[in-house]
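K.L.:
Here is a sequence together with a model predicted from it:
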Amino acid sequence: MPRKARTESLAAAAAAPGGAAAVDRALSLLAVFREGDDALSLAELALRTQLYKSTALRLLASLEHAGLLQRRPDGRYALGAEIARLHGVYAAAFSLGDVVLPVLQALVQATGESAAYHVKQGRGAEAVRVCLYRVDSPHPVRDHIQAGDVLPLSSGTGGRVLSAWDPECQAGATPRDKALYAAIRKAGAYSAVGDRLADVAGISAPVFDAQGAIAGAVTLTMPAHRYDAAYLAAVQRAAEQLRGKVS
């Protein structure tokens, strides 16, 4: 008989209803790669996913065969070329930049501050937010987030807004965060100074897809000394322009 795992695996904790357990386990091996991970050893992958090494090894063989992972000469595993190909197909199919970038550019023109579009990526404890698009302020003093940067969901106005409308984030939130998320939903946006970085202010508003679900967040950032609450209306207008146009 197979041994019963001592600790629930990442895949079991976030299993797809009606899905295939083996697929969930294989995908969990991809999901644990984080920003800065060049390659991971079998031991590291097993630890992060809470899978037995023997199970992980079999799944890694399939992922390697599919090109989703590649095994380095030193035995460690890195993301494979198939990941890049699929990203290219995804980007070409949606052409999201054609929709989002003009709105961000107009927001920067109107305020003189930096604008970005963030989305949630991942599930459970591994969930983060990703800056998909960014247009810099013309001011020489500004924050330096770039498109592609991975940021926490638990701080920053963009992360707070994404969490406020996300059922999974609400379910796992502390009472204090639940109260904050309720206040954000009531206000329809969130402004803060020093929520993630002490000297940076942010204003974020949710972007909803055609079905009314949260799709992303428009965020305006600036040094704390240039914060202006009047920018809130411009951020909300930008988010409203994207409603139903993103998914």
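P.N.:
The structure has been received and is ready for your questions.
K.L.:
only C-alpha atoms for contact and neighbour calcs from this point on.
P.N.:
OK.
K.L.:
Which stretches in this protein count as helices?
P.N.:
10-13, 21-31, 42-49, 53-65, 81-94, 96-111, 157-164, 167-171, 175-187, 231-242 (DSSP state H).
K.L.:
mean confidence for the shortest one?
P.N.:
Here helix 10-13 scores 71 as its mean pLDDT.
K.L.:
ok, now the third one?
P.N.:
For helix 42-49, mean pLDDT rounds to 95.
K.L.:
let's number from 18 now, not from 1
P.N.:
Sure, I'll start counting at 18 from here, so that last one is helix 59-66.
K.L.:
helices or strands next to the lowest-mean-pLDDT helix or strand in the chain in the packing?
P.N.:
Counting by mean pLDDT, DSSP states H and E, the chain has its least confident helix or strand at helix 27-30, which shows a mean of 71. Using 3 or more CA pairs under 8 Å, 6 or more residues apart in numbering; DSSP states H and E, the elements in contact with helix 27-30 are helix 38-48, helix 59-66.
K.L.:
Find the centremost residue of this structure, please.
P.N.:
The centroid of the chain falls nearest to Arg146 when counting by CA atoms, centre = their mean (2.4 Å).
K.L.:
In contact with it, which residues are there?
P.N.:
135-138, 167-170, 176 (CA atoms under 8 Å, 6 or more residues apart in numbering).
K.L.:
Also His156?
P.N.:
129-130.
K.L.:
and it, how far is that from Val125?
P.N.:
The gap separating His156 from Val125 is 11 Å, by CA to CA, to the nearest Å.
K.L.:
Then Ala73?
P.N.:
47 Å.
K.L.:
Also Leu76?
P.N.:
Taking CA to CA, one finds Leu76 at 46 Å from Val125.
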